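Enquirer: When you get a sec, could you give me coordinates for this:
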Amino acid sequence: MLFRILTILLVLLVLLGASKLQAEVVKRVDLRRDTQAPGEYYVVICSRKSWPWGTGHSFVVWAEQTEAGLQTLGSGFYPGKDNVVLWLLSGLGRLSDEAERPASTEPALLTHRLIVRLDKQAYERSLAAREKWLAAQHEYNIFTCNCTHFSFQVAQAIGLQPPEPRTCERPPFYIERMMNACSEVPTRLPLPPDDPTRIAEPPQLRRLAAPHWR
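Expert: Now for the predicted structure:
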């Protein structure tokens, strides 16, 4: 019982002691090895503020532009229980569709977007990392296994060499550290101004990808 009370108090201190976050920060990295290969593949590692309150959240958006059209997917790791007191104590987590999370489709809440352009092979590795996480059925723990750890695993899969999340680190602060670490990763090509992050969104992007591209 005492452990539960201390856990809740510690999280409340994190929430109440957090400083205001700055305007959205965007960083682009191009890790393609073959720039002439067909198709365009992106992994976007995002963070946002919580609404109406909270520590924030990190999640990943995948976008694939081929002759078949544009396909997108957004996933983030959440507690399996919606009751805030229950999930502070840990329990089975779940990967959720970010299109169904109103806060994740609200551009004003975004704090960071790390947009990484990849070869198809690296893109598929990132999707495999998502499937591996899903199959593992991780226990959610606000200290040791939360949304930042999911973002960390995907970033590792595409070769970003991200720093490990710190205990009780707010997601926007962690993604900012990840972006800073990317300064040490060679950027092979600058992304063109007309890349898919700037196109007019088709219907399937209006609720998910488009806000994260702008």
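
Enquirer: What's the first helix or strand after whichever strand or helix holds Gln153?
Expert: In the assignment (DSSP states H and E), Gln153 maps to helix 147-157. Later in the chain than helix 147-157, the nearest helix or strand by DSSP H and E is helix 171-181.

Enquirer: That following helix vs helix 147-157, what angle?
Expert: 20 degrees (axes from the mean of the first three to the mean of the last three C-alpha atoms, to 10 degrees).

Enquirer: Just the buried positions in helix 171-181, please.
Expert: Buried residues in helix 171-181, counted by 16 or more other C-beta atoms under 10 Å: 171-179. In this view, the C-beta of every residue, glycine as well, is placed from N, C-alpha and C.

Enquirer: May I ask which two of those are separated the most?
Expert: Using C-beta to C-beta, the buried residues of helix 171-181 span at most 12.5 Å, a distance reached by Pro171 and Met179.

Enquirer: Now do the helices in this protein.
Expert: 2-16, 84-88, 120-136, 147-157, 171-181, 209-213 (DSSP state H).

Enquirer: Lowest average pLDDT across these?
Expert: Note on these: lowest mean pLDDT is at helix 2-16, with a mean of 38.

Enquirer: Quick check: which ranges of this protein have low pLDDT?
Expert: 1-23, 82-90, 184-214 (pLDDT under 70).

Enquirer: ok, now with 50
Expert: 1-19, 187-214 (pLDDT under 50).

Enquirer: Can you name the residues that contact the residue most central in space within it?
Expert: By C-alpha atoms, centre = their mean, the chain has its centre lying nearest to Phe59, at 2.4 Å. Neighbouring residues of Phe59 by C-beta atoms under 8 Å, 6 or more residues apart in numbering: 46-48, 74-76, 98, 104, 147, 150-151.
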